[in-house]
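Colleague: predicted model and sequence follow; I will ask about them next.
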Amino acid sequence: MFDSIAGLPFHPLIVHATVVAVPTAAVAVLGSALVPRFRRWAGILPLAITLIAVVLDPISTSSGEALEERVGHSDLVEKHSHLADGLLPWLIFLLVAAVAVTWVWWRDRAGDAAGRVGRVTVAVVAVLAVAAAVGTTQQVVRIGHSGAEAAWGDTSGS
(Lines give C-alpha, C1' and ligand atoms only; values in the text may rest on other atoms or scores of the structure.)
Protein backbone atom coordinates (compact mmCIF):
# COMPACT_ATOMS: atom_id res chain seq x y z
CA MET A 1 0.00 0.00 0.00
CA PHE A 2 2.77 2.47 0.91
CA ASP A 3 5.09 1.68 -1.98
CA SER A 4 5.15 4.52 -4.49
CA ILE A 5 3.41 7.61 -5.81
CA ALA A 6 3.74 8.42 -9.51
CA GLY A 7 6.66 6.01 -9.69
CA LEU A 8 8.56 7.63 -6.80
CA PRO A 9 9.21 5.67 -3.62
CA PHE A 10 6.74 6.87 -0.99
CA HIS A 11 9.15 6.54 1.93
CA PRO A 12 11.40 9.55 1.24
CA LEU A 13 8.28 11.64 0.64
CA ILE A 14 6.42 10.74 3.85
CA VAL A 15 9.56 10.72 5.97
CA HIS A 16 10.00 14.44 5.38
CA ALA A 17 6.60 15.07 6.96
CA THR A 18 7.56 12.85 9.89
CA VAL A 19 10.94 14.57 10.30
CA VAL A 20 9.14 17.91 10.56
CA ALA A 21 6.21 16.79 12.72
CA VAL A 22 8.14 14.89 15.39
CA PRO A 23 10.59 17.65 16.45
CA THR A 24 7.84 20.26 16.07
CA ALA A 25 5.64 18.25 18.43
CA ALA A 26 8.53 17.87 20.88
CA VAL A 27 9.23 21.62 20.88
CA ALA A 28 5.52 22.46 21.22
CA VAL A 29 5.03 20.09 24.15
CA LEU A 30 8.22 21.33 25.79
CA GLY A 31 7.30 24.98 25.29
CA SER A 32 3.81 24.43 26.68
CA ALA A 33 5.16 22.59 29.69
CA LEU A 34 7.81 25.16 30.57
CA VAL A 35 6.38 28.52 29.47
CA PRO A 36 2.88 29.41 30.75
CA ARG A 37 2.48 32.21 28.22
CA PHE A 38 3.25 29.79 25.37
CA ARG A 39 0.86 27.23 26.90
CA ARG A 40 -1.95 29.81 26.97
CA TRP A 41 -1.24 30.75 23.35
CA ALA A 42 -0.78 27.20 22.02
CA GLY A 43 -3.80 25.59 23.68
CA ILE A 44 -4.35 22.17 22.12
CA LEU A 45 -1.80 22.69 19.34
CA PRO A 46 0.94 20.57 21.00
CA LEU A 47 -1.52 17.69 21.37
CA ALA A 48 -2.68 18.03 17.75
CA ILE A 49 0.86 18.07 16.35
CA THR A 50 1.81 15.09 18.50
CA LEU A 51 -1.21 13.14 17.24
CA ILE A 52 -0.12 13.89 13.67
CA ALA A 53 3.38 12.63 14.47
CA VAL A 54 1.95 9.44 16.00
CA VAL A 55 -0.12 8.82 12.86
CA LEU A 56 2.83 9.50 10.54
CA ASP A 57 5.13 7.02 12.30
CA PRO A 58 3.48 3.76 11.20
CA ILE A 59 3.00 5.17 7.69
CA SER A 60 6.70 5.99 7.51
CA THR A 61 7.61 2.56 8.88
CA SER A 62 5.35 0.74 6.42
CA SER A 63 6.66 2.71 3.48
CA GLY A 64 10.21 2.03 4.64
CA GLU A 65 9.52 -1.70 4.70
CA ALA A 66 8.15 -1.46 1.15
CA LEU A 67 11.27 0.43 0.06
CA GLU A 68 13.51 -2.13 1.73
CA GLU A 69 11.89 -4.84 -0.39
CA ARG A 70 12.74 -2.78 -3.49
CA VAL A 71 16.35 -1.89 -2.70
CA GLY A 72 17.36 -5.00 -0.86
CA HIS A 73 18.76 -5.69 2.56
CA SER A 74 21.98 -4.24 3.95
CA ASP A 75 23.47 -3.75 7.39
CA LEU A 76 22.84 0.01 7.17
CA VAL A 77 19.21 -0.49 6.20
CA GLU A 78 18.83 -3.01 9.02
CA LYS A 79 20.26 -0.53 11.54
CA HIS A 80 17.93 2.20 10.24
CA SER A 81 14.93 -0.11 10.40
CA HIS A 82 15.78 -1.21 13.94
CA LEU A 83 16.09 2.41 15.13
CA ALA A 84 12.85 3.38 13.38
CA ASP A 85 11.00 0.63 15.24
CA GLY A 86 12.01 2.38 18.47
CA LEU A 87 10.32 5.70 17.67
CA LEU A 88 6.70 4.76 18.37
CA PRO A 89 7.22 4.11 22.11
CA TRP A 90 8.87 7.53 22.40
CA LEU A 91 6.00 9.12 20.49
CA ILE A 92 3.50 7.49 22.82
CA PHE A 93 5.48 8.90 25.77
CA LEU A 94 5.38 12.32 24.07
CA LEU A 95 1.63 11.90 23.53
CA VAL A 96 1.15 11.24 27.25
CA ALA A 97 3.12 14.42 27.98
CA ALA A 98 1.03 16.33 25.42
CA VAL A 99 -2.18 15.13 27.07
CA ALA A 100 -0.82 16.19 30.48
CA VAL A 101 0.17 19.63 29.16
CA THR A 102 -3.24 20.02 27.52
CA TRP A 103 -4.90 19.04 30.80
CA VAL A 104 -2.90 21.75 32.63
CA TRP A 105 -3.91 24.28 29.96
CA TRP A 106 -7.55 23.20 30.22
CA ARG A 107 -7.59 23.51 34.01
CA ASP A 108 -5.86 26.89 33.90
CA ARG A 109 -8.48 28.14 31.46
CA ALA A 110 -11.08 27.75 34.22
CA GLY A 111 -9.49 30.76 35.84
CA ASP A 112 -10.79 30.17 39.33
CA ALA A 113 -8.88 28.69 42.25
CA ALA A 114 -10.72 25.36 41.97
CA GLY A 115 -9.62 24.92 38.34
CA ARG A 116 -5.97 25.84 38.74
CA VAL A 117 -3.29 23.22 38.85
CA GLY A 118 -0.78 23.24 41.70
CA ARG A 119 2.90 24.00 41.21
CA VAL A 120 3.94 20.45 42.05
CA THR A 121 1.64 19.06 39.34
CA VAL A 122 2.95 21.56 36.81
CA ALA A 123 6.52 20.61 37.77
CA VAL A 124 5.79 16.91 37.33
CA VAL A 125 4.22 17.59 33.93
CA ALA A 126 7.27 19.67 32.97
CA VAL A 127 9.67 16.86 33.92
CA LEU A 128 7.54 14.39 31.95
CA ALA A 129 7.54 16.73 28.94
CA VAL A 130 11.30 17.32 29.07
CA ALA A 131 12.04 13.59 29.22
CA ALA A 132 9.61 12.80 26.39
CA ALA A 133 10.78 15.66 24.18
CA VAL A 134 14.48 14.91 24.63
CA GLY A 135 14.03 11.16 24.13
CA THR A 136 11.81 11.56 21.08
CA THR A 137 14.10 14.11 19.47
CA GLN A 138 17.27 12.10 20.02
CA GLN A 139 15.58 9.02 18.58
CA VAL A 140 14.38 10.79 15.44
CA VAL A 141 17.85 12.30 14.92
CA ARG A 142 19.44 8.85 15.24
CA ILE A 143 16.90 7.41 12.79
CA GLY A 144 17.48 10.22 10.31
CA HIS A 145 21.23 9.89 10.52
CA SER A 146 21.12 6.15 9.98
CA GLY A 147 18.72 6.61 7.06
CA ALA A 148 21.05 9.13 5.46
CA GLU A 149 23.95 6.73 5.93
CA ALA A 150 21.91 3.93 4.36
CA ALA A 151 20.89 6.08 1.39
CA TRP A 152 24.03 8.13 0.84
CA GLY A 153 26.83 6.44 2.80
CA ASP A 154 28.46 4.85 -0.23
CA THR A 155 28.39 7.94 -2.46
CA SER A 156 31.58 9.56 -1.22
CA GLY A 157 33.44 8.61 -4.37
CA SER A 158 36.56 7.52 -2.49
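Modeller: Received, thanks.

Colleague: going along the chain, name the strands of the protein.
Modeller: With DSSP state E, the ranges of strands along the chain come out as 4-5, 8-9.

Colleague: mind listing residues that contact the last one?
Modeller: Contacts of strand 8-9 from elsewhere in the structure, counted by Cβ atoms under 8 Å, 6 or more residues apart in numbering, are 3, 63, 66-67, 70. C-betas here are computed from N, CA, C, even on glycine.

Colleague: repeat that with 7 Å
Modeller: 67, 70 (Cβ atoms under 7 Å, 6 or more residues apart in numbering).

Colleague: what strands flank it, and is each parallel or antiparallel?
Modeller: If you go by DSSP bridges, strand 8-9 pairs up with strand 4-5 (antiparallel).

Colleague: and the strand it pairs with, average pLDDT?
Modeller: For strand 4-5, mean pLDDT is 78.

Colleague: what do you get for stretch 151-158?
Modeller: Mean predicted lDDT for stretch 151-158 stands at 63.

Colleague: tabulate the strands of the chain (JSON lines), appending distance to residue 149 and mean neighbour count.
Modeller: Formatted as JSON lines, the strands of the chain follow (distance: least, Cβ to Cβ, whole Å; neighbours: other Cβ atoms under 10 Å):
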{"stretch": "strand 4-5", "distance to residue 149": "23", "mean neighbour count": "12"}
{"stretch": "strand 8-9", "distance to residue 149": "17", "mean neighbour count": "14"}
